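> Here you go, sequence then predicted model.
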2 protein chains.
Amino acid sequence: MGQGLGQIDDVRQPDAEQSGQPVSGQPAEPVPNRATELVRLLKLTERREPAVIEVATWVGLGIIEGRLRPGEDLNSVELSHRFNSSRTPVREALMLLEQEGLVEIRARRRPRVAAFTPQRVREIYYVRGHLLGLVGQLVAEHASDDDLADLRERLGEMQERADAGDIDGYFWRHVALQERMTDIGGNETLKGILDSLALRTLILRHASLAQPGRLRASVADQVRIIEAIEQRDGELAAMLLLRATHAALAAIEAGGWSERSASDENG
Amino acid sequence: MGQGLGQIDDVRQPDAEQSGQPVSGQPAEPVPNRATELVRLLKLTERREPAVIEVATWVGLGIIEGRLRPGEDLNSVELSHRFNSSRTPVREALMLLEQEGLVEIRARRRPRVAAFTPQRVREIYYVRGHLLGLVGQLVAEHASDDDLADLRERLGEMQERADAGDIDGYFWRHVALQERMTDIGGNETLKGILDSLALRTLILRHASLAQPGRLRASVADQVRIIEAIEQRDGELAAMLLLRATHAALAAIEAGGWSERSASDENG
DNA sequence: CTGGACTGTACTGTCGACACTAAGCTGCGT
DNA sequence: ACGCAGCTTAGTGTCGACAGTACAGTCCAG
């Protein structure tokens, strides 16, 4: 029993006090923290009961932040105890995360934290790059001046974080920036797909940014992208986004992630 | 009670005998019929219990074929009675369909058959066109000679169906062809996304093909696409696929679908 | 000491029951 | 006649229980 989620047994009320902001109530602040962004990405608000949201957020964050390791069992009984609920909402939460590719569920078998093969990661970035390109084109066409100002402001904040070496702060602001861009793009379908892909890559993007020099390079990429958008050059924005995505993938692969996980992937 | 799903109350064992092939057991035949294709698209096999599969297939097919109308309530109690099960597997099936965009679920409210706005349809086809383009490029690069032969054979069958005016037969073979192409492409992620988009458009594609002359035009498009792939011209294949997708959208819009549903969409 | 069958445990999928809530209906006031 | 408030009903979300199955650990044969 201590096997599955034992590493964090000491945490009794799992999601309170985690992010430094209370989870109860509606956190109406636009400051991107981990929990609010994840809830947004999972499209949980208004769609599910609080109990389900709580579990999905905790498990999802756990996977993204590496607290829950790929392949690890996600015992629904234990999770239900942890959240003082029954297995029904837990199962629902796990199903949500399965659809987002964070959890693997096979009939009659224990749900597990999804394990990405290097191949799969490359696939995701391939698709993601092209779709972000589409977003870039749409944004360059559709963005109002207010939108552009907003993007600029976000970029400024990101630069601050990057200068301060605050990887976590930069990371989630980066996620929020892309979320904002997909909003401006105005294609809900595209946004939904990218959100889903984003979730799968959050784990890796975090690791990627932690690499020396990567933070700086990422900022530079973002600056160029925003500039292209401001100049209404959709094609350039698209290409830059595709390139930036490829660069991120290269950083991940250079980081030795693929070797590390390649040995685990069948375990 | 007769309100929600009453139109088909007479059907007692809903999915047996529907497609002319028994559903029990594993239908190992490669002949694409509605049920097997849907099960494939929903990635249901191996992933869920039979009870869930049964419900998801029936409801999904119902939505695609128009038996269940957009906006219609999907009462989980009634569905559970219909399938002699409890509400748990029904809920799970509906959640699956929700993730595929066929069903809308909001907390504490009755699940409904999803209603597409014309705007949303355009979005889907925009994304779908570009993603199919990516598939086309990948297929042109990756396809083995056997793969090409297989595609040719399928194309031949489709032509037969088209000549015979068999819309339904052509339709599902067309779905299967694109499924096959995404397989050859070798990008599982891309395949998953396109499958999901495919499901959303099945309703419309069917209606689109039913229009006079559309069947013939579609066949011609497919022929050109396969030819480009055989010539290993990925760029051309991509462009043809994008064009064909746009043509399909145009056919749908010309068919007056948008007017019909625009009046319903808030109802 | 190793491989394979067996057994026990623990977890999954399903069910019926229950509290709570949304939606429809009735009857009232205007 | 019309709109609103309260009531009724029907459906959702959750729970604990139960049957069935996968997994791990044990025992035995070789």
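Now that the structure is in, tell me what you want to look at. It should be emphasised that the depicted structure is a prediction, and the values quoted were computed from it without experimental measurement. Numbering: from 1, shown residues only, chains lettered A, B, ... in the order given.
> ok, now which ones touch the residue of the stretch 151-267 of chain A found nearest chain B?
Taking C-beta to the nearest C-beta, chain B has its nearest neighbour within the stretch 151-267 of chain A at A:Thr189, 4.2 Å off. From N, CA and C alone the C-beta is placed, and that goes for glycine too. Counting by C-beta atoms under 8 Å, 6 or more residues apart in numbering or on different chains, A:Thr189 touches B:120, B:123-124, B:126-127, B:197.
> Also near chain A: which of the residues you listed, exactly?
Restricting the contacts of A:Thr189 to those near chain A by C-beta under 8 Å from any C-beta of the partner chain leaves B:120, B:123-124, B:126-127, B:197.
> and for stretch A:198-205, what are the contacting residues?
Applying C-beta under 8 Å, 6+ apart, the set of residues contacting stretch A:198-205 is A:38, A:41-42, A:60, A:63-64, A:66, A:100-102, A:114, A:116, A:121, A:124-125, A:128, A:171, A:174-175, A:178-179, A:248, A:252, A:257.
> Try it again at 7 Å.
Contacts with stretch A:198-205, where a contact means C-beta atoms under 7 Å, 6 or more residues apart in numbering or on different chains, come from A:41, A:63-64, A:66, A:100-102, A:121, A:124, A:128, A:171, A:175, A:178, A:248, A:252, A:257.
> Let me see the mean pLDDT of that stretch.
Mean pLDDT, computed over stretch A:198-205, is 86.
> Can you give me the buried ones in it?
Of all the residues in stretch A:198-205, those buried under the rule 16 or more other C-beta atoms under 10 Å in any protein chain shown are A:198-205.
> Reformat the residues you listed into CSV and put secondary structure next to each item.
Listed next are the buried residues of stretch A:198-205 as CSV, based on DSSP: H, G, I helix; E, B strand; the rest coil:
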residue, secondary structure
A:Ala198, helix
A:Leu199, helix
A:Arg200, helix
A:Thr201, helix
A:Leu202, helix
A:Ile203, helix
A:Leu204, helix
A:Arg205, helix
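> and which of these is nearest DNA strand D?
Within the buried residues of stretch A:198-205, the smallest distance to DNA strand D is 21.5 Å, found for A:Leu199 (C-beta to the nearest atom of the strand).
> Quick check: the closest one vs B:Leu194, distance?
19 Å (C-beta to C-beta, to the nearest Å).
> now A:Arg152
For A:Arg152 relative to B:Leu194 (C-beta to C-beta), the value is 35 Å.
> So between those two, which is more surrounded?
B:Leu194 (24 against 14; other C-beta atoms under 10 Å in any protein chain shown).
> how many other residues sit next to A:Ala149?
12.
> pLDDT value on it, please?
97.
> helix or strand for it, which one?
A:Ala149 is part of helix A:145-164 when elements are defined by DSSP states H and E.
> what does stretch A:52-59 contact?
Residues contacting stretch A:52-59 (C-beta under 7 Å, 6+ apart): A:14-15, A:35, A:38-39, A:42, A:44, A:68, A:74, A:79, A:83, A:89-90, A:92-93, A:96-97.
> near DNA strand C, which of these show up?
With C-beta under 7 Å from any atom of the strand as the criterion, the contacts of stretch A:52-59 include A:Leu74 near DNA strand C.
> Buried by neighbour count, from the contacts of stretch A:52-59: which ones?
A:14-15, A:35, A:38-39, A:42, A:44, A:68, A:74, A:79, A:83, A:89-90, A:92-93, A:96-97.
> which ones among those are found in helices?
Of the positions in these, A:35, A:38-39, A:79, A:89-90, A:92-93, A:96-97 sit in helices, assigned by DSSP state H.
> and chain A, which residues reach DNA strand D?
A:49-52, A:80, A:84-89, A:92, A:108-110.
> and if we set it to 10 Å?
Proximity of chain A to DNA strand D, by C-beta under 10 Å from any atom of the strand, involves residues A:3, A:47-55, A:73, A:76-77, A:80-81, A:83-93, A:106-110, A:112.
> buried subset of those residues?
A:48, A:51-55, A:76, A:80, A:83, A:85, A:89-93, A:112.
> do stretch A:87-100 and chain B meet at all?
Yes: for stretch A:87-100 and chain B, the contact criterion (C-beta under 7 Å from any C-beta of the partner chain) is met by A:92, A:95, A:99.
> List the contacts of that stretch.
A:42, A:49, A:51-52, A:55-56, A:59-60, A:74, A:76-77, A:79-80, A:103-105, A:111, A:196, A:199, B:95, B:99.
> for stretch A:210-221, same thing?
A:158-159, A:162, A:167, A:170, A:208-209, A:240, A:244, A:247, A:251, A:255.
> Now intersect these with the helices, please.
Per DSSP H, the contacts of stretch A:210-221 map to helices at A:158-159, A:162, A:167, A:170, A:208-209, A:240, A:244, A:247, A:251.
> now whichever residue of the stretch 1-150 of chain A sits closest to DNA strand C: how far from A:Arg48?
Residue nearest to DNA strand C within the stretch 1-150 of chain A: A:Ser76 (3.7 Å; C-beta to the nearest atom of the strand). Going from A:Ser76 to A:Arg48 by C-beta to C-beta gives 16 Å.
> where does the stretch 51-200 of chain A have low pLDDT?
The stretch 51-200 of chain A contains no residues with pLDDT under 70.
> Flag every residue of it that's near chain B.
A:92, A:95, A:99, A:105-107, A:120, A:123-124, A:126-127, A:130, A:134, A:187-190, A:193.
> for DNA strand C, what are the nearby residues on chain A?
Residues of chain A lying near DNA strand C (C-beta under 10 Å from any atom of the strand): A:1-5, A:73-81, A:86-88, A:90-91, A:94-95, A:105-112.
> Select the longest helix from chain A.
Max-length helix for chain A by DSSP H is helix A:118-142.
> how many degrees apart are that helix and helix A:145-164 in direction?
140 degrees (axes from the mean of the first three to the mean of the last three C-alpha atoms, to 10 degrees).
> Can you give me the buried ones in helix A:118-142?
For helix A:118-142, by 16+ other C-beta under 10 Å, it's A:118, A:120-140.
> on that earlier part again, before we move on, which element is the residue of the stretch 151-267 of chain A closest to chain B in?
Here A:Thr189 is assigned to helix A:188-209, by DSSP H and E.
> cool, and A:Ala176?
Going by DSSP H and E, A:Ala176 is part of helix A:167-185.
> A:Val135 contacts A:Asp183, doesn't it?
No: the pair A:Val135 and A:Asp183 fails to qualify as a contact (C-beta atoms under 7 Å) at a distance of 9.7 Å.
> Could you chop chain A up by domain?
Under the assignment automatic domain parsing, the domains of chain A span A:2-113, A:118-259.
> For those, give me a markdown table that also has distance to B:Leu215.
Listed next are the domains of chain A as a markdown table, based on distance: least, C-beta to C-beta, whole Å:
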| stretch | distance to B:Leu215 |
| --- | --- |
| domain A:2-113 | 34 |
| domain A:118-259 | 27 |
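> Of all these, which one is nearest B:Val223?
domain A:118-259 (26.2 Å; C-beta to C-beta).
> before we move on, back to that, wait, which of the buried ones among the residues of chain A next to DNA strand D is closest to chain B?
Distances from chain B to these, taken by C-beta to the nearest C-beta, are shortest for A:Arg48, at 5.6 Å.
> tell me the secondary structure for the closest one?
Secondary structure for A:Arg48, judged by three-state DSSP, is coil.
> What distance do you get for the nearest residue to it once chain neighbours are set aside to B:Thr57?
Leaving aside its chain neighbours, A:Arg48 sits nearest to B:Ala107 (5.6 Å; criterion: C-beta to C-beta, 6 or more residues apart in numbering or on different chains). Using C-beta to C-beta, one gets 26 Å for the distance from B:Ala107 to B:Thr57.
> Quick check: buried residues in the helix or strand hosting A:Ala228?
Assessed by DSSP H and E, A:Ala228 sits inside helix A:214-230. The neighbour-count check on helix A:214-230 (16+ other C-beta under 10 Å) flags A:214-215, A:217-219, A:221-222, A:224-226, A:228-230 as buried.
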